[in-house]
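> Predicted structure and sequence below. I'll ask about it afterward.
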Amino acid sequence: MSKIIAQLIVMGGQIFARAFAQAYKQAAANAGRAGAGAAKAAAETPKVKSTASMPIKEAYQVLDISEEANPEDILKKYNHLMEVTDKENGGNLYLQSKVFRAKESLGEKIDFSKYETPEPPSDANKSSNNEETKK
């Protein structure tokens, strides 16, 4: 019985590894095809607010949440996945961009602005504020 379980775990790991290898190859191929011509065309193209390219159903799958999840849970899962897929934590940009695009797609359906906490002021702002109060 334990031999079967071990075989299933090994097989699952191999499938998972192959999927990541394919995703990496695809991302590398896409980056290679972009080249200088695409960069030049992008520089000449006027900047327009992009529309989400990921379907809502896929966004829920990427974030691994149900469609009934509330915005706080979605943001918690998003923050967790962004941290896990960070390059410093062994992740990669491809996976992190999928997570970002998923939240972006859900942002068209859900207003996250009232749920996100504002960033604290930087140290530079604190020191300038302290200097102004001393005067």
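Structure's in. What do you need?
> OK, contacts around Phe112?
Phe112 is in contact with 71, 74-75, 103, 106, counting by Cβ atoms under 8 Å, 6 or more residues apart in numbering. In this view, the C-beta of every residue, glycine as well, is placed from N, C-alpha and C.
> Please apply the same query to Asn92.
Asn92 makes contact with 24, 27, 85, according to Cβ under 8 Å, 6+ apart.
> Could you rerun that using 7 Å?
Residues in contact with Asn92, defined by Cβ atoms under 7 Å, 6 or more residues apart in numbering, are Thr85.
> Ok, Ile56 next?
By Cβ under 7 Å, 6+ apart, the neighbours of Ile56 are 105-106, 109.
> Quick one: distance of the longest helix seen in the chain to the chain centre.
Longest helix of the chain, by residue count under DSSP state H: helix 2-44. Taking the mean of its C-alpha atoms, helix 2-44 sits 15 Å from the chain's own mean (Cα atoms, centre = their mean, to the nearest Å).
> Give the next helix or strand downstream of it.
helix 56-63 (DSSP states H and E).
> contact partners of the following helix or strand past that next one?
Remark: after helix 56-63, the chain's next helix or strand is helix 71-84, criterion DSSP H and E. Helix 71-84 has contacts (Cβ under 7 Å, 6+ apart) with 63-65, 89, 91, 96, 99, 103, 106, 110, 112, 115-116.
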